[in-house]
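Engineer: Based on what follows, work out the 3D shape:
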Amino acid sequence: MHHDRRTVLGGLAFLAAGLPSLALAQDSQIDTNAILNDPEAPVGGNPGGDVTIVAFLDYNCPFCKTSAAELARVVKEDGKIRLVYKDWPVIAETSVYAAQLALAAAYQGGYQKAHDALMATKGRLTRQQISAAIKGAGLDLARLQADLDSHGDKILALLKRTMAQADSLGLQGTPTYLVGPFRTSTLDYKGFKQVVSDARKKQAGDKKQAGE
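Structural biologist: Residues are numbered from 1 along each chain as shown. Predicted coordinates:
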């Protein structure tokens, strides 16, 4: 179960003024390295982990919020999962605003705090709720605004790259998780544990087959 980007508000044409270029046509080429290793994309968990989870998320997505705590628990308990966050704001204009603030928070080392606070805020977010969540996370708001002003183009470029990557993969909605070689949507704690275990087995089998 997930939010279908093509039925919820019909794609990206509705996005905030000044951000119409966020909507990108489908890219026919899948660049796996760019998806896994975008230098601007926030990384959580263990950066040297043996399994990578790439999480395409929207802060207005109830299914993302439902599974956020479960994913965080598995990542913390496992200790060997590299988690790549892909802010993919496809549901509402406030999704873009929330993603921009979370990514700006990264410049003060606060992406994870902002991300967790936004995911913990229930319901469809208003700008006021987003600001309150960011403030409640203990971030320096003056620094955040300065970073947003200074790095707005880089943040927009990252969001556009994420859009292109989602299109190249043919993703239909949030949340979408790429776990090693697998793709899945909303999972609970048990489901995340299982797919991570399956990914490790598949990777070990592939290495053995390759004679590594």
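Engineer: Go ahead and flag the most central residue of this protein.
Structural biologist: residue 86 (2.8 Å; C-alpha atoms, centre = their mean).
Engineer: Beta-bridge partners for residue 53, please?
Structural biologist: Assessed by DSSP bridges, residue 53 has beta-bridge partners residue 83, residue 179.
Engineer: need the helices for this protein, in chain order.
Structural biologist: Using DSSP state H, the helices of the chain run over residues 32-37, 62-78, 93-105, 111-119, 127-136, 141-169, 189-209.
Engineer: among these, which is the most enclosed?
Structural biologist: Mean neighbours per residue, mean count of other C-beta atoms under 10 Å, is largest over those for helix 93-105, with a mean of 24. Using the backbone N, CA and C atoms, a C-beta is placed for each residue, glycine as well.
Engineer: how distant is that helix from the center of its chain?
Structural biologist: Chain-centre distance of helix 93-105: 11 Å, with C-alpha atoms, centre = their mean, to the nearest Å.
Engineer: Please export the C-alpha coordinates of that helix as PDB.
Structural biologist: Taking Å, rounded to 0.1, in the frame of the first residue of the first chain, the C-alpha atoms of helix 93-105 are listed here in PDB:
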ATOM      1  CA  GLU A  93       3.200  21.700  -2.400                       C
ATOM      2  CA  THR A  94       4.000  21.400   1.300                       C
ATOM      3  CA  SER A  95       5.900  18.200   0.500                       C
ATOM      4  CA  VAL A  96       8.300  20.300  -1.500                       C
ATOM      5  CA  TYR A  97       8.600  22.900   1.300                       C
ATOM      6  CA  ALA A  98       9.300  20.200   3.900                       C
ATOM      7  CA  ALA A  99      11.900  18.500   1.700                       C
ATOM      8  CA  GLN A 100      13.700  21.800   1.100                       C
ATOM      9  CA  LEU A 101      13.900  22.500   4.900                       C
ATOM     10  CA  ALA A 102      15.000  19.000   5.700                       C
ATOM     11  CA  LEU A 103      17.800  19.200   3.100                       C
ATOM     12  CA  ALA A 104      18.800  22.700   4.200                       C
ATOM     13  CA  ALA A 105      19.100  21.200   7.700                       C
END
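Engineer: elements contacting it?
Structural biologist: strand 81-87, helix 111-119, helix 127-136, helix 141-169 (3 or more C-beta pairs under 8 Å, 6 or more residues apart in numbering; DSSP states H and E).
Engineer: tell me the angle of the first one relative to helix 141-169?
Structural biologist: Meaning strand 81-87. 100 degrees (axes from the mean of the first three to the mean of the last three C-alpha atoms, to 10 degrees).
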